[in-house]
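Colleague: Sequence below, structure please.
(chains A and B)
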Amino acid sequence: MAIFAELAAIVLPVFFCAGIGLFWTRTGHKFDSDLVTTLVFKIAVPCLIIATFSKIKLEFSVIAEIALAATVIYLVTALIAAIVLRLFRLPFPAYLPSMIFPLVGSMGLPVSLFAFGEKGLALALVFFTLGAVGTFTVGAAIASGRLSLGKLVREPALWAAAIAMVLMWLDISLPKWIYDSTKLLGGMAFPLQLIALGCSLGRFQISSLPRGIGLGLFRLGVGFLIGWGVAEYFALEGIVRAIVILQSSMPVAVSNYLFAVIYKREPEEVASMVLISTGMSVVTLPLLLLYLL
Amino acid sequence: MSLVFQIASIIAPLFVIAGIGYVWGRLGKPFDTTLVGMLTLNFGVPALIFSTLTNLEVSPGEFGEITGIFGIFLFANLVIGALLLKIFNLEIGAFLPALSFPNNGNMGLPLCLFAFGDVGLALGISVFVLMSTANVTIGFAFASGKWSLASMFKTPFLWIIAAALIFMVTETTPPRWVANTAEIIGGMSIPLMLVALGVSLSRLEVSDFQQSFWLALARLGIGFGLGIFLAIIFELEGVARGVLILQCAMPTAVMNYLLAARFDRQASGVAGIVVVSTFMSLATLPFLMLFVLSGW
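Modeller: Below you'll find the model as predicted:
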């Protein structure tokens, strides 16, 4: 019984917030996703990174460990996904990014926080930052057909991560007013991200159910196996292991949909993958947490 | 010196976050204030109220005390404001709400939080709840010219407070999933409200500076004076005293402008009071903080 209360405390807030967004679009309210995305990715998330790392001091060896594991996970997933897509003769630009990049932000971060506290959040942020780098370079390159570093350099989350690392390295504590400001602004990240996620889900439609289920299962199932395998290979333990497996098993990230729209790479297909895999995660996420806790 | 530093570090986040909104608005970027307003008022603020009140930082007694005293303040402010407007022959329906309802949300809450921690936030919220209820009922009545109690029940505030009071009175804590949900949703309210305040300030214009100046001065002056007076009469001390004076002396709430605009009650005049009183309070805020923190 106690484990159910614990699972509920981790999972329900996430689904509840996304539910607000779903309810919002389904009742026909307007939702300016541009405004919310800008608030989240240009302001809230960078502030969250700075506030979290100025409070939770991770050792550089731990950061390196999780960063290495995350990189290997992304590479291995990309490789396996490419093979699977080739076998089924599906085009890379449309499907590959969705199979590689999980929802490490809107879903991975709050779940990590509620399940493993602020240290869990800090570790999950390392995974997230690498995912953001990957999405904006490799993900965009696969979808657009050419590699561009311009987007990456303009990504405030990356600047924030760099600042956080420098502060940790020099062992500088932020003045209280900067910490308070970033902490407060960072507080917008989870609710706004989740509401925006719910709004997107409310607008998405399922175009091809069998393919969506297949690719959704790949993301969740193969993602879990790769995360588990990499954690075993590097002999990760405790929270680090849990966060690596958790982040690797998230559903398809919504950011893949944004690129699919921009570069006209079958956005309906990507939307349906996002919708189906997120729907499935309602079942798989509690099971996953049951295993990890 | 350390007090000056402390005050600077309390006020700075307010300037930073509202500043983001101000720059946002000045750059002419689209900002859907209706969306942000609906998200904060329907979800963010109720969640913040619930999670602050159920954290058992304040007892129902303290909650009742400061809310009751603030009720007296609002009544006195309405009476004094009405007299003043009568004397100077200004339209009561248009300007009385702007003279009486302070910005206890966008501006008051972060100040209470940074100056007095979670206890300050809890007391600040008690006051804010009463003010916003009064604003949507009495303010609405003045602006529209008719009473509507239905609008009071349409906002989720009353329901949320009732739910929180059950936990407060029985001294129990809500289930963890409820507490976690309320905490993350509530977390967006203060930053979103401050950014929205900045955006509003960048958009509103002052048409009649002289009138705006005197009415803004009246808002801040009456609020501050009544706050101190009531704190002395009711022998408030510490956090309760600080929160009461702070909340009474806040500039005019942006809500007053929205109501005035909706019912076409000299909206540009009210906008002027909002802008001038807010900028004025940026100048008076350090002294106000010095006053409440040093316990003069």
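Colleague: residues touching the residue nearest the centre of chain A, list them.
Modeller: Central residue of chain A (CA atoms, centre = their mean): A:Val104, 1.5 Å from the mean position. The neighbours of A:Val104, taking CB atoms under 8 Å, 6 or more residues apart in numbering or on different chains as the test, are A:Ala124, A:Phe127, A:Phe128, A:Gly131, A:Gln247, A:Met250, A:Ala253. In short, each C-beta sits where N, CA and C put it, glycine included.
Colleague: what sits against the residue of the stretch 151-293 of chain A found nearest chain B?
Modeller: Residue of the stretch 151-293 of chain A nearest chain B, by CB to the nearest CB: A:Gly187 (3.3 Å). Residues near A:Gly187 by CB under 8 Å, 6+ apart: A:Ala44, A:Leu48, B:Ile184, B:Gly187, B:Met188, B:Ile190, B:Pro191.
Colleague: Next to chain B, which bits of chain A? Give me the list.
Modeller: Applying CB under 8 Å from any CB of the partner chain, we find that chain A lies next to chain B at A:5-6, A:8-13, A:16-17, A:20, A:29-32, A:34-35, A:38-39, A:43-44, A:110, A:114, A:175-178, A:180-181, A:184-185, A:187-188, A:190-192, A:194-195.
Colleague: What is the least confident helix or strand in chain B?
Modeller: Across the helices and strands of chain B, the lowest-confidence element by mean pLDDT, DSSP states H and E is helix B:150-154, at a mean of 66.
Colleague: typo on my end, chain A
Modeller: For chain A, counting by mean pLDDT, DSSP H and E, that's helix A:150-153 with a mean of 76.
Colleague: Which residues does the very next helix or strand once past it contact?
Modeller: Reading on from helix A:150-153 to the C-terminus, the next helix or strand found by DSSP states H and E is helix A:156-169. Helix A:156-169 is contacted from outside by A:41-43, A:45-47, A:49-50, A:52-54, A:57-58, A:60, A:63, A:125, A:129, A:132-133, A:152, A:174, using CB under 8 Å, 6+ apart.
Colleague: what pLDDT, on average, does helix A:156-169 get?
Modeller: Helix A:156-169 shows a mean pLDDT of 89.
Colleague: Share the number of residues neighbouring residue 110, please.
Modeller: All of this refers to chain A. 24 (other CB atoms under 10 Å in any protein chain shown).
Colleague: Correction: the question concerned chain B.
Modeller: 25.
Colleague: Now do the contacts for it.
Modeller: By CB under 8 Å, 6+ apart, B:Pro110 lies in contact with A:Leu184, B:Pro13, B:Leu14, B:Ile17, B:Ile190, B:Leu194.
Colleague: Sort out which residues of whichever strand or helix holds it are buried, please.
Modeller: According to DSSP H and E, B:Pro110 maps onto helix B:109-134. Neighbour-count burial for helix B:109-134, counted by 16 or more other CB atoms under 10 Å in any protein chain shown, picks out B:109-116, B:119-134.
Colleague: Toward the C-terminus, what is the element adjacent to it?
Modeller: Following helix B:109-134 in sequence, per DSSP H and E, is helix B:140-144.
Colleague: Turn the contacts of A:Gly187 into JSON lines, including pLDDT.
Modeller: Shown next, in JSON lines, are the contacts of A:Gly187 (pLDDT from 0 to 100):
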{"residue": "A:Ala44", "pLDDT": "93"}
{"residue": "A:Leu48", "pLDDT": "93"}
{"residue": "B:Ile184", "pLDDT": "92"}
{"residue": "B:Gly187", "pLDDT": "91"}
{"residue": "B:Met188", "pLDDT": "93"}
{"residue": "B:Ile190", "pLDDT": "90"}
{"residue": "B:Pro191", "pLDDT": "92"}
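Colleague: Would you tell me which one of these comes nearest to B:Arg26?
Modeller: The shortest approach to B:Arg26 among those belongs to B:Pro191, at 18.7 Å (CB to CB).
Colleague: I'd guessed the closest one sits against A:Leu184; true?
Modeller: Yes - between B:Pro191 and A:Leu184 there is a contact at 5.1 Å, judged by CB atoms under 8 Å.
Colleague: Was I right to think B:Glu62 contacts B:Ala240?
Modeller: Yes - applying CB under 8 Å, one finds B:Glu62 in contact with B:Ala240, separated by 6.8 Å.
Colleague: More neighbours: which of these two?
Modeller: For B:Glu62 versus B:Ala240, neighbours defined as other CB under 10 Å are more numerous around B:Ala240 (21 against 16).
Colleague: now that one, nearest residue through space, not along the chain?
Modeller: B:Ile66 (5.6 Å; CB to CB, 6 or more residues apart in numbering or on different chains).
Colleague: and the one you found, what is it in contact with?
Modeller: B:Ile66 sits in contact with B:Leu123, B:Ser126, B:Val127, B:Leu236, B:Ala240, B:Val243, B:Leu244, where contact means CB under 8 Å, 6+ apart.
Colleague: ok so it is a helix residue?
Modeller: Yes - the assignment for B:Ile66 (DSSP: H, G, I helix; E, B strand; the rest coil) places it in a helix.
Colleague: Give me the local confidence score for it.
Modeller: At B:Ile66, the pLDDT value in this model is 93.
Colleague: Could you check how far it is from B:Leu158?
Modeller: Separation of B:Ile66 from B:Leu158 (CB to CB, to the nearest Å): 18 Å.
Colleague: Please work out how many residues are found near A:Val138.
Modeller: 18.
Colleague: State the distance from it to A:Ser144.
Modeller: 11 Å.
Colleague: Also B:Pro251?
Modeller: 49 Å.
Colleague: For these two, indicate the residue with more neighbours.
Modeller: B:Pro251 (28 against 16).
Colleague: That one: what's its closest spatial neighbour, skipping adjacent residues?
Modeller: Closest to B:Pro251 by CB to CB, 6+ apart is B:Ser277, at 3.6 Å.
Colleague: go on, A:Gly186?
Modeller: Computed as CB to CB, 6+ apart, the closest residue to A:Gly186 that is not its neighbour in sequence is A:Leu48, at 3.3 Å.
Colleague: now do B:Ala8
Modeller: Here the residue nearest B:Ala8, using CB to CB, 6+ apart, is A:Trp177, at 7.0 Å.
Colleague: What of A:Arg241?
Modeller: A:Ala231 (4.6 Å).
Colleague: what's the helix or strand for that neighbour?
Modeller: helix A:223-233.
Colleague: how about the CA coordinates for that helix, as CSV?
Modeller: The C-alpha coordinates for helix A:223-233 follow below in CSV (Å, rounded to 0.1, in the frame of the first residue of the first chain):
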residue,chain,number,x,y,z
GLY,A,223,15.2,2.6,-24.5
PHE,A,224,14.8,0.7,-21.2
LEU,A,225,17.0,-2.2,-22.3
ILE,A,226,19.7,0.1,-23.6
GLY,A,227,19.6,2.2,-20.4
TRP,A,228,19.8,-1.0,-18.3
GLY,A,229,22.6,-2.4,-20.4
VAL,A,230,24.7,0.7,-20.3
ALA,A,231,24.2,1.0,-16.5
GLU,A,232,25.3,-2.6,-16.1
TYR,A,233,28.3,-2.1,-18.4
